[in-house]
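Visitor: sequence first, then the predicted structure:
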Amino acid sequence: MGVGSIGNHLLPYEECDTFLSNDGGITWQMVRQDAQKYEFGDQGSILVTVNDEEGVDSVNYSTDFGKTWKTHNFKTRLRARILTTVGDSTSQKFLLVGQVAKKDQKGNGGRFAVVFLDFATLDRRKCDDADFEQWTARSSTHECLMGHKQTYRRRRQNADCYVGEKFRDPVPEESSCPCTKEDYECDYNFVQHGDECVPVGPEPIPAGVCQEPTDTYQGSSGFRKIPGNTCDRDRGEKLDERVQKPCSNAQPAEGKVIHQTSNFPSPVVQFAYFRSSTVILVRLADNSIWQSPNEGYTWNQLHPGEAFVAFYHHKFTDDRAYLITSSTKHYYTTDFGKTWFPFTSPTVPNRFGLPVLHFHPGNSEYLIWTGEDGCEGFAEHCHMEARYSLKNGREWSLIDTYVRNCAWARDSELLVDPNQILCESYKEKQGNQHLFRLENPLQLIAGTQFYDSQTKLFDHVVGFAKFSEYLIVAEYQSARQSLDIQVSLDGRTFAPGEFPPTMRPDQHAYTILESSTKSVFLHVTTSEPPAPFWGNILKSNSNGTYFGLSLDNVNRNEDGFVDFEKMINLDGIALVNVVSNPREAPLTGRKLLQSRITHNDGGSWRPIPPPAVDSHGSKYPCSTTKCALHIHGYTERYDVRATFSTPSVPGLLMAVGNVGESLERYEDSDTFLSRDAGFTWEEVHKDAHLWEFGDSGSILVMANDEGPTDHVMYSTDEGSSWRDYKFSDEPIRVKAIVTVPEDTSRRFILMGYYPRAKNTAVAVHLDFSALTRQICRLDADNPSQDDFELWSPSEEREEQCLFGRQTLYHRRKRNVNCVVGDQKKTKEKIVKNCQCDAIDFECEFNFVRDDAGECVPIPEQKPRDPDANGQCRNGAEYWYDLTPYRKVPISSCEGGKRLDRGAAHPCPGVRGHGAFFWFMMFMIPISFAGLVGFWYYRKGGYHRGAIRLPGGDTGPRYSGDSSVLDTIASVPWFLLGVAGIAYEWVAEKVESTVVRLRGRGGYRHLPVDEDAQILRFEDEE
């Protein structure tokens, strides 16, 4: 018995029901609604359940294995907490412990109750031999389990009797069965993939077995009999028989490298790993998809005969992927590709060049499908349709028609309504969508409750994008035919982006760049055909509204991609290429590129410092101050995922470039490396190479990228020395080097083709696992005793700081030859925040850096308002006039040079006043208290001229022994006297004024004789 639910995942306990199986779990039936506590009694002849979701006054029981149920009412309503019986379940007596609600308590009853249940009173007879049966435990396919039949004696289901016997271990009657595939599992070094067991890599063999590569050895078939299984191999399948294998497939001796070559019938057009996995998918130009479960060691084709147009890995769930065909039948996996299941889409995939699937960050079952409809034949009504599914494609609901892009509003850092959908939807929904132009505006619609409640956010947009915590919309202003950038942090309210007037996007193209440091980077194209493409990088403030110039003349290509790349795991460091000849390039059509690097998130840029000597130890011919290192960037890559940096080694960068005054051709470039986040560089090899990082930087692999090659170069000391490994007798044109996304493996795949057969592809699996089997030692408590170093990036200041703080990172020492593997790495440690320096600041809105690096105002532009109210939020004491500088949002520096602060002004409110203000605030209530006290003093007789009769004093008014207490007490009397004088003066003035006012009203004041007050007693009212 068990509590559970039917569906693709387990529901919360309160939403589950109670199920029972009579055949060892092969088949199940729901026997009670709701979650129930359950217990077995009398060796199964009695089953008892009680509701486990709410208070009840009854239990349910069955005497026929759950076929029928009866109810027993014990007349006390309680919330069941424990239902139990004797440990061997041989008794007919049960104990129910529950909690009684206050409203259900009777008399002096307590909050807890114990109910004794005795089912021996059911008046059932004792079972005899005829009431028992021989039951055989079985698998789902045949009457064998673990290689033999197991027959047990148990009571028949319909026998109305009780067993009444003491517990004895069941002794099954066993007989062996012929071996079947169910009796085998995957052997060591093999993993299950579909119905087969495939190797995860070369098979380990005893030393001395293989003397020559042409020898063979007896290796594993991939299967082994399950331990404890007793099936008869002679009468069944012998899947574990050893097979003859070539020694080239065996695991090499320590210090050796091996490879495995696989050929594909068509060029590779798409490839990607599952995250956190060794499984990779490859799509070929012939629309077939191939999968390798072991990093390219072996391959198998998925669903031969299907024509696949794309595949998608789930953006937020590592084990899910989707294979998209040209029809409505597709496939998905939820276990890293071990099994693939079909699903049906409501329409065929769109051919508009837009994403077909969008994924939800919070629920992996939520999908949005964007397909096309009516696009066959003359396609008069060809359009795109978007639908959503809450059940991973099993059911679909329409979102909208004639759309271009629909996506979930929520993202991993954009924490908005999880049920909100954003859609770019055309206003006029008729005709062929391929022919739509600006006259049919594209509206941005926000739909909450899965698009049931719709709100139009903008009348005309060009598109929207989600980056980090920002939702950015490009709004088209038809009146002036220009673009406005709208930014939101909640998906509902938007603020327009403010640009310097000379750098508005207007009719230009723009590209949203990687934004992960509390600001938005935007590339605005300023040069378009017939001139070459380039533009300016603008950077926003922390809420994405004020954009200032970060760098001008930054290179881009015709597809809108920009030579801009941020360093992985070290936010705030980025590399770009700028056009150094913006005046000549429109005339010559040739751009001269120079590289720049920033270590303060775009606040300032500088040339990349060149190494002193090349890889041969010779000085570079360029020796002027204009000499710098220039590198080829994002726009020239075959595989855009081949980044400069790696997520597994902080500070490590590799690039192809040259030392000189500008960037040379790729074929004339060399390969460079930096270990300190780009502050210093070294040339590691001549010629341009592809590269890849492995095993957290313990191995680097390079392949020549200027022509076909038959070998790779590898280094185990981060480029200090290199060794060659030949993998082919025939040179291969390598186009990409691939490894797992985390760069933690020592296995790589070379993707390429033979020059003689460009319409085919080849994948070479390289395995460096046997180079060393020494595991790196990591001891966070004694870092000086392990194989790792504590490294901190440094800037141009005395302290080793970056982004205003000193941070220590663990990384493997350069000259230690060991394997990092999958061991958990110590997180970076922030030691302290540093004092602010010039590197922590960037130019304020409407300011730009001049040639000297200073921020100067843009001509004819005014600084923005200082926003005193905004600065005074969160309890600030002062607000400051703006300066030409603002603090880089990512910097956490404290104190030091605050270039962003002008003159200080007190904030309104409690903290915004000085000493004089607080003195007056202290004196005013005291003065008023004195006035009130003096009035009462006069009213009660304690004033000048009063005659005090004997006995009126309760104690000495004056004493020659003046104590400290007397002195302190005299202070308020002094204040009282001062207040009294002031009171009389004010009273006289007011009184005379009142007299005059009253005189004008027809009344005359009659003065009171002053002597009438002389005889006033203290106790008069």
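Guide: Good, I have the coordinates.
Visitor: what is the helix or strand hosting Val659 packed up against?
Guide: In this assignment (DSSP states H and E), Val659 forms part of strand 653-660. Under the contact criterion of 3 or more Cβ pairs under 8 Å, 6 or more residues apart in numbering; DSSP states H and E, strand 653-660 touches strand 628-631, strand 670-674, strand 689-694. All C-beta spots, glycine's among them, are computed from the backbone N, C-alpha and C.
Visitor: report the rounded mean pLDDT for the first one.
Guide: Averaged over strand 628-631, pLDDT sits at 96.
Visitor: and the helix or strand harbouring Tyr332, what's buried?
Guide: Applying DSSP H and E as the criterion places Tyr332 in strand 329-333. By neighbour count on 16 or more other Cβ atoms under 10 Å, the buried set for strand 329-333 is 330-333.
Visitor: closest to Gly544 out of the residues you listed?
Guide: Tyr332 (35.6 Å; Cβ to Cβ).
Visitor: shouldn't the closest one be in contact with Ser389?
Guide: No. Counting by Cβ atoms under 8 Å, Tyr332 sits too far from Ser389 to count as a contact (11.2 Å).
Visitor: grab the longest strand from the chain for me.
Guide: Using DSSP state E to define each element, the chain has its longest strand at strand 70-84.
Visitor: the helix or strand following the strand holding Tyr332 pairs with which strands?
Guide: Next in sequence after strand 329-333, counting helices and strands by DSSP H and E, comes strand 341-344. Here strand 341-344 is paired, per DSSP bridges, with strand 329-333 (antiparallel).
Visitor: dump the C-alpha coordinates for the strand it pairs with into PDB.
Guide: Only the C-alpha atoms of strand 329-333 are listed here, as PDB (Å, rounded to 0.1, in the frame of the first residue of the first chain):
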ATOM      1  CA  LYS A 329       5.200  14.900 -34.200                       C
ATOM      2  CA  HIS A 330       8.200  15.600 -32.000                       C
ATOM      3  CA  TYR A 331      10.200  14.000 -29.200                       C
ATOM      4  CA  TYR A 332      11.300  15.000 -25.700                       C
ATOM      5  CA  THR A 333      13.400  13.500 -22.900                       C
END
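Visitor: name the residues of stretch 644-651 that are buried.
Guide: For stretch 644-651, burial by neighbour count (16+ other Cβ under 10 Å) applies to 644-646, 648-651.
Visitor: for stretch 251-268, same thing?
Guide: Those would be 251-252, 257-260, 262, 264, 267-268, for stretch 251-268 by 16+ other Cβ under 10 Å.
Visitor: before we move on, what about stretch 751-758?
Guide: 751-754.
Visitor: can you put the buried residues of stretch 251-268 in CSV and add pLDDT and secondary structure?
Guide: Converted to CSV, these look like this (pLDDT from 0 to 100; DSSP: H, G, I helix; E, B strand; the rest coil):
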residue, pLDDT, secondary structure
Gln251, 73, coil
Pro252, 74, coil
Val257, 89, coil
Ile258, 88, strand
His259, 90, strand
Gln260, 88, strand
Ser262, 92, strand
Phe264, 95, strand
Pro267, 95, coil
Val268, 96, strand
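Visitor: how about CSV for the residues you listed, with distance to Val48 added?
Guide: Below are the buried residues of stretch 251-268 laid out as CSV (distance: Cβ to Cβ, whole Å):
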residue, distance to Val48
Gln251, 57
Pro252, 63
Val257, 65
Ile258, 62
His259, 64
Gln260, 60
Ser262, 60
Phe264, 62
Pro267, 67
Val268, 62
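Visitor: for the stretch 751-900 of the chain, what spans make up the strands?
Guide: Counting by DSSP state E, counting those that start in this stretch, residue ranges of the strands within the stretch 751-900 of the chain are 757-767, 788-791, 805-812, 829-833, 841-843, 847-849, 855-857, 878-880, 885-887.
Visitor: neighbouring strands of the fifth one in the sheet, and parallel or not?
Guide: The strands that strand 841-843 pairs with in its sheet are strand 885-887 (antiparallel) (by DSSP bridges).
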